[in-house]
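**Student:** any chance you could fold what I've pasted below:
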Amino acid sequence: MLTSLNKIKKLPRDTKIYCGHEYTYKNAEFCMKYDSDNIDLKKKFEKIKKLRSNNLPTLPTILEEELKSNIFLRCDQNDLKIKLNMKNQEDFKVFKKVRDLKDSF
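**Tutor:** Model prediction:
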């Protein structure tokens, strides 16, 4: 999964992302739990809440937004590693921890 996400991260920043399921609200809630001081995530979550309250889809999304707000795409970033008490850990280990946390969320 991490290999696939890393391939996606190399696409142009304006690439539209179409997911197969509308779970952006729950994913944003999860991201907020572990990355709550991320300003881009806060903005994204407000946008998601507004769209969903109007019964509108949150998809497609833009890769650039996801790179800034989606914790699964940020496992290589030091600020997130520090928040997860995983400073200097390999990206794969950070991703595994995030995936495990999501599985029990």
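
**Student:** and the helix or strand where T3 lies, what does it pack against?
**Tutor:** Secondary structure assignment for T3, by DSSP states H and E: helix 2-9. Counting contacts by 3 or more Cβ pairs under 8 Å, 6 or more residues apart in numbering; DSSP states H and E, helix 2-9 packs against helix 63-69, helix 91-103. The C-beta positions use only the backbone N, C-alpha and C, and glycine is treated the same way.

**Student:** so which of those helices is the most packed in?
**Tutor:** Of the helices and strands packed on helix 2-9, the one with the most neighbours on average (mean count of other Cβ atoms under 10 Å) is helix 63-69, at a mean of 18.

**Student:** if you average the pLDDT over the helix or strand just after it, what comes out?
**Tutor:** Moving toward the C-terminus from helix 63-69, the next helix or strand (DSSP H and E) is helix 78-83. Averaged across helix 78-83, the pLDDT comes to 94.

**Student:** centre of the chain versus helix 78-83, how much separation?
**Tutor:** 14 Å (Cα atoms, centre = their mean, to the nearest Å).

**Student:** likewise stretch 97-105?
**Tutor:** With Cα atoms, centre = their mean, you get 13 Å for stretch 97-105.

**Student:** outside of it, which residues touch it?
**Tutor:** For stretch 97-105, contacts defined as Cβ atoms under 8 Å, 6 or more residues apart in numbering pick out M1, E29, F30, K33, Y34, I71, F72, C75, L84, M86.

**Student:** apart from its neighbours in sequence, what residue is nearest the spatially most central residue of the chain?
**Tutor:** Centroid check for the chain by Cα atoms, centre = their mean gives N70 as the closest residue, at 1.3 Å. Spatially, and ignoring its direct neighbours in sequence, N70 is nearest to C31 (6.5 Å; Cβ to Cβ, 6 or more residues apart in numbering).

**Student:** so which of the helices and strands packed on helix 2-9 comes closest to K9?
**Tutor:** Proximity to K9, assessed across the helices and strands packed on helix 2-9 by Cβ to Cβ, is greatest for helix 63-69 (6.6 Å).
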